[in-house]
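In: Quick check, what structure comes out for this input:
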Amino acid sequence: MYDAGKDGFIDLMELKLMMEKLGAPQTHLGLKNMIKEVDEDLDSKLSFREFLLIFRKAAAGELQEDSGLHALARLSEIDVSTEGVKGAKNFFEAKVQAINEASRFEEEIKAEQEEKKKQAEELRQRKAAFKELQSTFKQ
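Out: Next comes the predicted model:
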């Protein structure tokens, strides 16, 4: 819902907008700290798994009362056990689609590289044949 870029992640700006919509705006540093606290892969974005981690930490009492993550967990009424399954399905379907698109793109790049190699080899062969033919005329 808050993933405006539809990339399967919530970045700093999307988190900012989400917190504002939920009525708990945060400072830039506050937002960075929120991400940092649950960013397991250190990509400065929240994956679905990392987003769910906020609610797991809140349920376990591991979030500070004054942190933005605590405010997010308190404002968002999400039952991780229910939403996790539905949300994970959408998240992973989006991931698979993105991977497939990336694979298609990689295949196109590889095909272009192979075509360039083939053309370069043909050019080398033509030059070699030309030089051989040229050397017969020089004699």
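In: packing partners for the host helix or strand of residue 13?
Out: Following DSSP states H and E, one finds residue 13 within helix 12-21. Taking 3 or more Cβ pairs under 8 Å, 6 or more residues apart in numbering; DSSP states H and E as contact, the helices and strands that helix 12-21 lies on are helix 28-38, helix 68-75. Every residue, glycine included, has its C-beta placed from N, CA and C.
In: If you count neighbours, what's buried in the helix or strand of the chain with the lowest mean pLDDT?
Out: The helix or strand of the chain with the lowest confidence, counting by mean pLDDT, DSSP states H and E, is helix 68-75 at a mean of 71. Buried residues in helix 68-75, defined by neighbour count with 16 or more other Cβ atoms under 10 Å: 68, 69, 70, 71, 72, 73.
In: who's in contact with that helix?
Out: With Cβ atoms under 8 Å, 6 or more residues apart in numbering as the test, helix 68-75 has contacts from 18-19, 22-24, 26, 30-31, 33-34, 37-38, 54-55, 57-58, 63-64.
In: now the angle from that helix to helix 28-38?
Out: Interaxial angle, helix 68-75 versus helix 28-38 (axes from the mean of the first three to the mean of the last three Cα atoms, to 10 degrees): 80 degrees.
In: centre of the chain versus helix 68-75, how much separation?
Out: In terms of Cα atoms, centre = their mean, to the nearest Å, the gap separating the centre of helix 68-75 from the centre of its chain is 24 Å.
In: Count the residues that sit near residue 47.
Out: 18 (other Cβ atoms under 10 Å).
In: Buried subset of the contacts of helix 68-75 as a ChimeraX selection?
Out: A single ChimeraX command selects the buried members of the contacts of helix 68-75 (16+ other Cβ under 10 Å):
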select :18,19,24,26,30,31,34,37,38,54,55,57,58,63
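In: Test my guess that residue 50 contacts residue 40.
Out: Yes - counting by Cβ atoms under 8 Å, residue 50 does reach residue 40; the two are 5.8 Å apart.
In: quick one, which of these two is more surrounded?
Out: It is residue 50, of residue 50 and residue 40, that has more neighbours when counted by other Cβ under 10 Å, with 18 against 10.
In: pretty sure that one belongs to a helix, no?
Out: Yes - per DSSP: H, G, I helix; E, B strand; the rest coil, residue 50 lies within a helix segment.
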